[in-house]
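# Based on what follows, work out the 3D shape:
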Amino acid sequence: MPNRPECEGDFMTHSVMAKYHPGWNGKAKFMSVPKVRLYVDRPEEDNWLVHVGHVTDRGRWRTEPHAHPAYGQVIFIRNGEGVMNLEGSRVPFKGPCALVLPTDCVHGLDYELDVDRWVVTIEQSYLMQVNAKLNEFISFWALPRIIPLSCSADAGMEFYSLVGKLKQELESDAVGRVAGTEALLTTLLLMLVRQASLETPGHENSTRNDICLVDRFRKLIDLHYRESLPLQDYASMLAVSLVQLRAACASAAEQSPTKMIHARIITEAKRHLIFGDLSVEQVAFWLGFADAAYFTRFFRKEVGQAPSQFRVITRQSSQRKTLPQ
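Now for the predicted structure:
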């Protein structure tokens, strides 16, 4: 079976929403990472919040690196193995395990033959609603994760049972279907949080308000990181003082607000350097830098390498790892 650049899930297809920047020598330059839109085939389900799909394709199955900014996913690998291309790094996985993919996380998946997998897709606003129930949920979705479920003989079977019950509840017309769905999804995520054994030393002394404030701040960074906004603008949008914002970030994220903004810029810079064909100068302009030389100094300070050096080394490393053994 040929490789197919499709999104996960037997119910969904995708539309690559490639945007372009009309500058740079008058030529259109496409964004380096496709933004994928997921949708349900049946019109009556346009307002769905959670979906469970069972992928039964035979043979090898591969997705090219992409992101879906409006949805989070948990992919349950019941058995089989493969490799996840995660922000340019190739990370192997083996079932039973769960792959946790936050919104806007750049990932590609290369499954070996006949991998049995279930895909739980959660709409972003609904995911935020569920996350508000527990501080650890917010931390859990902050990063992509591979969570092994082989630590005990029952872990994989228990998770498989939960996924099945969630799918059954979603497809039923029983009284309390919405409440039942939320309860099962919460239980499923709680099991993953416990299996992940999150190391969040800063959160023990963090208040719920601090964690929620930092989560809102991260979302604002995602919207405005290319605009070089002063910190005061972020604080004003959050309706807090600069002192409150700095204190919350120190408590809940163990970083300064400026460091968090810089980290987001570096993440996007790496994505373009790894996956895209834009020059270093074009990447700098795309990220809002007026001076490519300043971008190079900024990148070197944060990463320890010049952007051009990072691109060459990362791509060479990726090519070596994909050569047949």
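
# Give the burial count for residue 98, as a bare number.
25 (other CB atoms under 10 Å). No exception for glycine: its C-beta is placed from N, CA and C like everyone else's.

# what about it, which helix or strand?
Assessed by DSSP states H and E, residue 98 sits inside strand 97-101.

# Give me the sheet partners of the helix or strand that that strand is followed by and which way each runs.
Using DSSP H and E, the helix or strand that follows strand 97-101 towards the C-terminus is strand 107-111. Strand 107-111 has the following strand partners under DSSP bridges: strand 61-66 (antiparallel), strand 81-86 (antiparallel).

# that older thread, so how far is the strand holding residue 98 from its chain's centroid?
11 Å (CA atoms, centre = their mean, to the nearest Å).

# Need the contact partners of it.
Defining contact as CB atoms under 8 Å, 6 or more residues apart in numbering, one finds that strand 97-101 is touched by 72-77, 84, 93, 107, 109, 140-141, 144-150, 159, 192, 195.

# Filter those down to the ones in strands?
72-77, 84, 93, 107, 109, 145-148 (DSSP state E).

# In the stretch 51-200 of the chain, where is pLDDT below threshold?
57, 198-200 (pLDDT under 70).

# Return the set of buried residues in stretch 223-236.
224-225, 229, 234-235 (16 or more other CB atoms under 10 Å).

# now residue 61, nearest residue through space, not along the chain?
residue 111 (4.6 Å; CB to CB, 6 or more residues apart in numbering).

# Kindly report the same for residue 196.
Per CB to CB, 6+ apart, closest to residue 196 is residue 147, 5.1 Å.

# from the buried residues of stretch 223-236, which two are the most distant?
225 and 235 (15.7 Å; CB to CB).

# one step back: mind checking how far the residue nearest to residue 61 is from residue 140?
24 Å (CB to CB, to the nearest Å).

# Also residue 280?
Per CB to CB, residue 280 is found 35 Å from residue 140.

# out of the two, which sits in the more crowded spot?
Each of residue 280 and residue 140 has its neighbours counted (other CB under 10 Å); residue 140 has more, 21 against 18.

# could you pull out the helices for the stretch 101-250 of the chain?
Counting by DSSP state H, counting those that start in this stretch, residue ranges of the helices within the stretch 101-250 of the chain are 124-131, 135-140, 155-171, 177-196, 208-224, 231-238, 242-252.

# and residue 55, which of those helices is closest to it?
Proximity to residue 55, assessed across the helices of the stretch 101-250 of the chain by CB to CB, is greatest for helix 155-171 (12.3 Å).

# Alpha carbons of that closest one, as PDB, please.
The C-alpha trace of helix 155-171 is given here as PDB (Å, rounded to 0.1, in the frame of the first residue of the first chain):
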ATOM      1  CA  ALA A 155      -3.100  -0.800  31.700                       C
ATOM      2  CA  GLY A 156      -3.500  -1.200  28.000                       C
ATOM      3  CA  MET A 157      -6.700  -3.200  28.300                       C
ATOM      4  CA  GLU A 158      -8.200  -0.700  30.700                       C
ATOM      5  CA  PHE A 159      -7.400   2.200  28.400                       C
ATOM      6  CA  TYR A 160      -8.800   0.200  25.400                       C
ATOM      7  CA  SER A 161     -12.000  -0.400  27.400                       C
ATOM      8  CA  LEU A 162     -12.300   3.400  28.200                       C
ATOM      9  CA  VAL A 163     -11.900   4.300  24.500                       C
ATOM     10  CA  GLY A 164     -14.600   1.800  23.600                       C
ATOM     11  CA  LYS A 165     -17.000   3.100  26.200                       C
ATOM     12  CA  LEU A 166     -16.400   6.700  25.000                       C
ATOM     13  CA  LYS A 167     -17.100   5.800  21.400                       C
ATOM     14  CA  GLN A 168     -20.300   3.900  22.500                       C
ATOM     15  CA  GLU A 169     -21.500   6.900  24.600                       C
ATOM     16  CA  LEU A 170     -20.900   9.300  21.700                       C
ATOM     17  CA  GLU A 171     -22.900   7.200  19.300                       C
END
